[in-house]
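In: everything below, folded, please.
(one chain, ligands or ions: 2)
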Amino acid sequence: MSPNCRVLVLISGNGSNLQAIIDDCDDHLEAEIVGVVSNKPDAYGLIRAHQSEIDTSCVIVRKDEARSDYDARLKLAIDKYQPDLIVLAGFMRILSDEFVQGFEGRMINIHPSLLPKYTGLNTHQRAIDAKDTEHGASVHFVTPELDSGPIILQAKVPVYDEDTADTLADKVHQQEHAIYPMVVKWFSQNRLQMKDGKAFLDGKALEDMGYAAD
Ligand SMILES: Nc1nc2c(c(=O)[nH]1)N[C@@H](CN(C=O)c1ccc(C(=O)N[C@@H](CCC(=O)O)C(=O)O)cc1)CN2
Ligand SMILES: NCC(=O)N[C@@H]1O[C@H](COP(=O)([O-])[O-])[C@@H](O)[C@H]1O
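Out: Ligands and ions are numbered 1, 2, ... in the order given. This is a model prediction of the structure:
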């Protein structure tokens, strides 16, 4: 997708992955972040977007609001930017099937585990509790089933006895900031597709290549 693949980033918090993508886009120009949308008005990622003169919107969950009603408002906010790619970067809402199906094949997420291990939340503590010796991050296409979409790219980190959830999160974040911009670039170069429930890079199934970061 070029020139200038229009990227819309969804956040809920700090936005360090957003920052990594901002920095990479500044260097490579194939992709342009046209907007940042948050469900939390105090998300520091909104500050990061403002510092890079990127337009922002907030879609705040209303008390007792049905998930589908929230998602309908979120879609209206997203559609204003007419994105080619939607990037979930620490966006902490489970999205309804209808919403996801409207963007399938052009919505990606980064998850802090080596999927299919540890879908959901609190992944670092779960890896420590399970005495795993390795952990990591996964970039995947978003599908209705939570954190179960076709994996695109993974990066591994070692888990040591002295690790805490915080030290492990720091190691995972470093890897996330390396792999997520790479995947955004692949999509903007029109090299990345989702087909028949699988992720393909340059026409080759990524599952056959082991998803390993270089
Ligand atoms: N339909 C899908 N929605 C989302 C996916 C997905 O693959 N399919 N990925 C997630 C991202 N995510 C982990 O990577 C994730 C985000 C949020 C939650 C969750 O339990 N959220 C709760 C609220 C939690 C909170 O407010 O702190 C909820 O929505 O009720 C699990 C996994 C994004 N969405
Ligand atoms: N299940 C979703 C989830 O836990 N995502 C995780 O939230 C963090 C956001 O950090 P950031 O706001 O600094 O990019 C990242 O580590 C990402 O993997």
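In: output the set of residues of the chain in proximity to ligand 1.
Out: Taking Cβ under 6 Å from any ligand atom as the criterion, the chain approaches ligand 1 at residues 88, 91-95, 100, 109, 111, 120-121, 142, 144, 146-147, 149. Heads up, the C-betas are built off the backbone N, CA and C, glycines and all.
In: after the helix or strand of the chain with the lowest mean pLDDT, next one along is what?
Out: Every helix and strand of the chain was ranked by mean pLDDT, DSSP states H and E. The lowest is helix 16-28, at a mean of 93. Once helix 16-28 ends, the next helix or strand along the chain (criterion: DSSP states H and E) is strand 31-38.
In: name the element Val172 belongs to?
Out: The secondary structure element spanning Val172 is helix 165-188 (assigned by DSSP H and E).
In: can you give me the angle that helix makes with helix 16-28?
Out: Direction vectors for helix 165-188 and helix 16-28, defined by axes from the mean of the first three to the mean of the last three Cα atoms, to 10 degrees, enclose an angle of 40 degrees.
In: how far away from the center of its chain is helix 165-188?
Out: Shown here is helix 165-188, whose average C-alpha point lies 9 Å from the average C-alpha point of the whole chain (Cα atoms, centre = their mean, to the nearest Å).
In: repeat for stretch 76-92
Out: Once both centres are worked out by Cα atoms, centre = their mean, stretch 76-92 turns out to sit 11 Å from its chain's centre.
In: just stretch 128-135 next, same as before
Out: Stretch 128-135 has its average C-alpha position 23 Å from the chain's average C-alpha position, going by Cα atoms, centre = their mean.
In: need the per-residue pLDDT for the residue in the chain that ligand 2 sits nearest to.
Out: As assessed by Cβ to the nearest ligand atom, ligand 2 sits closest to Gly90 within the chain, at 2.6 Å. As predicted, Gly90 sits at a pLDDT of 98.
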